[in-house]
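# What follows is a predicted protein model with its sequence.
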Amino acid sequence: MKICDAHVHLGESGPWQPYINPTIYVEELIQLFNKYNVERAVVFPNPNVGDKYPEMNNYIAECVKKHPKRLVGFGRLDPRREDATKELDRIKNSLGLKGLKLHPMVECFRPDHPFFNSFFEKADQLKIPILFHSGNGFSSPGLIIKIAKKHPNLPIIIGHLRESAIAALKECENVYVETSGTLPDYIELSVDVDENRVLFGSDVPYYRYPTQIAIVEAAEISPKAKRKVFSENFQKLFKG
């Protein structure tokens, strides 16, 4: 079965995890794609300090130019910085990237704080999908959903599907979920809500393809739903 992956890190990583170096370059990544039958993938920078993100966004754009049929480029930035809105515009209009990755824990920001209102208004104007890391604290889906409700035409992808993300899927039609690090049970529950808004994600290189693929395969959902999760929903969201 063809696979499209909504969650892949690419490029040099900052020293944010001293016990692991998730740096991965595009040649190695394409080899992984070929090995595990990954047809297309969303790629974005590894965690770095905020002033490194423009350089990494440039790298993502270069990789997309080399592999336009395989890679869907997302930029990354620290929304606390004064130049965040300017970099967001550059990501979309100068680099031609298709979306944005935000990690409220790594960048240490609360998405629903009024300080970020103008930033998300700009994202809405640019029609740039946002993939949020989700988890606890500032990354809670309960906070992310506030952005989705305020901007109902802005596609929001909640990474790392958990029970709280399923509640967000129920409440907002512009919310998608992706499966990296999840359990088959949560995939089943999400498909019951809307099989058209569940995306396969691997979180490579932090997780491994055999495990993440097996989790989706283990879900007790129809073959049609599995095709949607593995590739069709991705292809519909990221046309052309």
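Cool, got the structure. Numbering: from 1, shown residues only.

# Find the nearest non-adjacent residue to N58, please.
Using Cβ to Cβ, 6 or more residues apart in numbering and skipping the chain neighbours, the partner closest in space to N58 is L95 (7.0 Å). Placement of C-beta: from N, CA and C, glycine included.

# any idea which helix is longest in this protein?
Secondary structure of the chain per DSSP state H: the longest helix is helix 53-66.

# Packing partners of it?
Judged by 3 or more Cβ pairs under 8 Å, 6 or more residues apart in numbering; DSSP states H and E, the packing partners of helix 53-66 are strand 3-10, strand 38-45, strand 71-76, helix 84-89.

# what's the offset of the first one from the middle of its chain?
Averaging C-alpha coordinates over strand 3-10 and over its chain gives two centres that are 8 Å apart (Cα atoms, centre = their mean, to the nearest Å).

# same question, the second one
Its chain's C-alpha centre lies 9 Å from the corresponding centre of strand 38-45 when counted by Cα atoms, centre = their mean.

# Just the residues contacting that strand, thanks.
Around strand 38-45, the neighbours that count as contacts under Cβ atoms under 8 Å, 6 or more residues apart in numbering are 2-11, 29, 32-33, 53, 56-57, 59-60, 63-64, 69-76, 98-101, 131, 209, 231, 234-235, 238.

# Pairing partners for that strand, with directions?
Strand 38-45 pairs in its sheet with strand 3-10 (parallel), strand 71-76 (parallel), by DSSP bridges.

# For burial, what's the neighbour tally of M1?
M1: 11 surrounding residues under other Cβ atoms under 10 Å.
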